[in-house]
Structures are given as C-alpha cells and as structure tokens.
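>>> Provide a 3D model corresponding to the input given below.
(one chain, ligands or ions: 2)
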Amino acid sequence: MFFASPFVSAALMMLGSVTALPQPENGALMGRQSDCPSGSYRYNSTSCAGCPAGYTCNGGSDTPQSCDTGMYQPNMGSTSCIQTQPGFFTNQRGSVTPSPCPAGSYQPYVQQAFCYGAPKGRFQQQSGRSFLCATCCGWAATLDNNNVNPVNCTGSKPNAWPNSGDGCISSQTSCVHAATCAQAADGTCRKFSFPSLLAT
Ligand SMILES: *[C@@H]1O[C@H](CO)[C@@H](O)[C@H](O)[C@H]1NC(C)=O
Ligand SMILES: *[C@@H]1O[C@H](CO)[C@@H](O)[C@H](O)[C@H]1NC(C)=O
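Ligands and ions are numbered 1, 2, ... in the order given. Model (predicted):
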C-alpha cells in the first residue's frame with residue numbers, strides 16, 4: 001500500500017508542520033474561508049449557505065448580490081438573475097418575482113422596471129400584457145393615460161372614429177358602430193393602425 005510506506009508517512013508528517021498550510025485559528029480553519037461553491041456564500045467562519053432567492057452568489061468569499069431592477073430570481077442557490085418578460089415589471093432590487101402590468105398599462109420590452117400607461121385612443125382591459133388595443137368604430141378611450149375600458153358611445157353622440165381619443169361624436173357615416181370592442185380571453189383585440197380614411 002502506497003500510503004502505508006514509512007517514507008510517505010514521514011513526509012506527510014513533515015508537511016503537516018509547514019506554516020503555509022491551513023492552520024487552526026480561533027477554532028476556525030482559515031484556509032476554508034474562500035472556498036464556498038458557486039450559488040452559495042460565506043455565512044460564518046465555518047459554514048457556507050445557499051444564496052437567497054432574489055440574489056446571486058459567485059461563491060468564494062463574495063457576498064450575495066441583489067438582482068437589479070428589471071431582473072428577478074425565484075430560486076435559492078443561483079448564480080444569475082432572470083430577465084423580466086414583456087407584460088411584466090420589476091421595480092425593486094432583490095426581487096423574487098416580477099409583477100404583471102396592471103390593466104390600463106402594458107410593457108412591450110424585456111427587463112423593465114415599469115409599465116407604460118395606455119394613452120388616448122388605446123386601452124388594455126387585462127393585466128400582464130405586452131400590447132395595447134385600439135378603439136373600434138363607435139368606441140372611444142379619452143384618458144391621457146391608463147385607459148382600461150373603451151367607452152361605448154351612446155345617446156346623442158353614438159359614434160367615434162377608430163383609434164379615437166377625441167371622445168364620442170354626433171354623426172359619422174363611414175364607420176358603423178361595432179357591437180363590442182372588448183378583448184377575447186386570450187387578450188386578442190383590435191390592434192392600433194392608422195385607417196386609410198384618416199391617412200389623407
Ligand atoms: C456557523 O453557522 C452554523 C449554522 O447556523 C452553526 O451551526 C455554526 O455553529 C456556526 N459557526 C460559528 C463559528 O459561528
Ligand atoms: C353599446 O351601445 C349600443 C348603443 O349605442 C348598445 O346597443 C350596445 O348594447 C352597447 N354595447 C355594450 C357592450 O355595452
């Protein structure tokens with residue numbers, strides 16, 4: 001047996017007294033303070049701990065780093081953060097989960113910390129969406145920001161141009177009042193586009 005050799009045993013005993021090797025100090029092994037594996041961090045002088053959710057840990061002796069705004073991490077023990085998907089926002093560092101854009105707002109881009117409000121002529125009835133809906137003939141969305149439901153034009157002002165942010169009007173012959181302007185359950189709706197009758 002190799003390690004049973006008296007020569008090797010003597011060499012190991014000599015190495016054991018070399019001062020560059022880890023030496024106990026205050027009850028801890030100093031040499032272990034820089035060897036926490038990736039996804040964990042140094043908790044105290046003898047223990048590593050799993051990286052908290054919302055943070056990343058590169059191992060070694062580094063402290064946990066919080067995920068930036070626009071990013072999140074639901075799991076412990078991570079080395080990277082996740083990009084917030086379109087339709088959602090993450091406005092605080094160290095987040096565990098992103099938040100859906102509320103109805104009346106949207107976010108078309110990844111890794112964002114906020115949502116855009118639906119301006120005049122557009123609306124969004126659902127949360128967690130990456131797009132806006134445009135109003136139909138006979139429907140309007142008049143708020144400068146955060147339009148949730150389109151207004152159904154009725155009474156003495158039963159009409160509106162498509163994409164209307166100007167409110168309801170008394171007459172309009174080229175655009176028949178649509179029965180509904182509501183979104184389908186999957187969010188499908190009339191998308192914004194400039195109609196040719198307004199392009200001239
Ligand atoms: C380090 O933390 C662990 C887990 O809480 C504990 O068991 C251990 O006693 C601690 N060691 C020191 C040196 O504080
Ligand atoms: C919208 O208004 C019209 C009258 O202009 C009415 O007939 C219709 O039922 C209304 N639709 C909804 C969904 O409220």
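>>> what parts of this structure come near ligand 1?
Residues of the chain lying near ligand 1 by CB under 6 Å from any ligand atom: 43, 44, 45, 46, 47. Placement of C-beta: from N, CA and C, glycine included.
>>> can you put those in CSV and add secondary structure and neighbour count?
Putting the residues of the chain next to ligand 1 into CSV (DSSP: H, G, I helix; E, B strand; the rest coil; neighbours: other CB atoms under 10 Å) gives the following:
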residue, secondary structure, neighbour count
43, coil, 11
44, coil, 9
45, coil, 13
46, coil, 11
47, coil, 10
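>>> now render those residues as TSV, adding pLDDT and distance to residue 162.
Shown next, in TSV, are these (pLDDT from 0 to 100; distance: CB to CB, whole Å):
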residue	pLDDT	distance to residue 162
43	93	61
44	93	65
45	90	69
46	91	69
47	93	64
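>>> closest one of those to residue 107?
For the residues of the chain next to ligand 1, the minimum distance to residue 107 (CB to CB) is 36.9 Å, reached by residue 43.
>>> list the contacts for the closest one?
Residues in contact with residue 43 (CB atoms under 8 Å, 6 or more residues apart in numbering) are residue 49.
>>> could you redo the last one with a cut-off of 10 Å?
Residue 43 is in contact with 36, 49, 50, counting by CB atoms under 10 Å, 6 or more residues apart in numbering.
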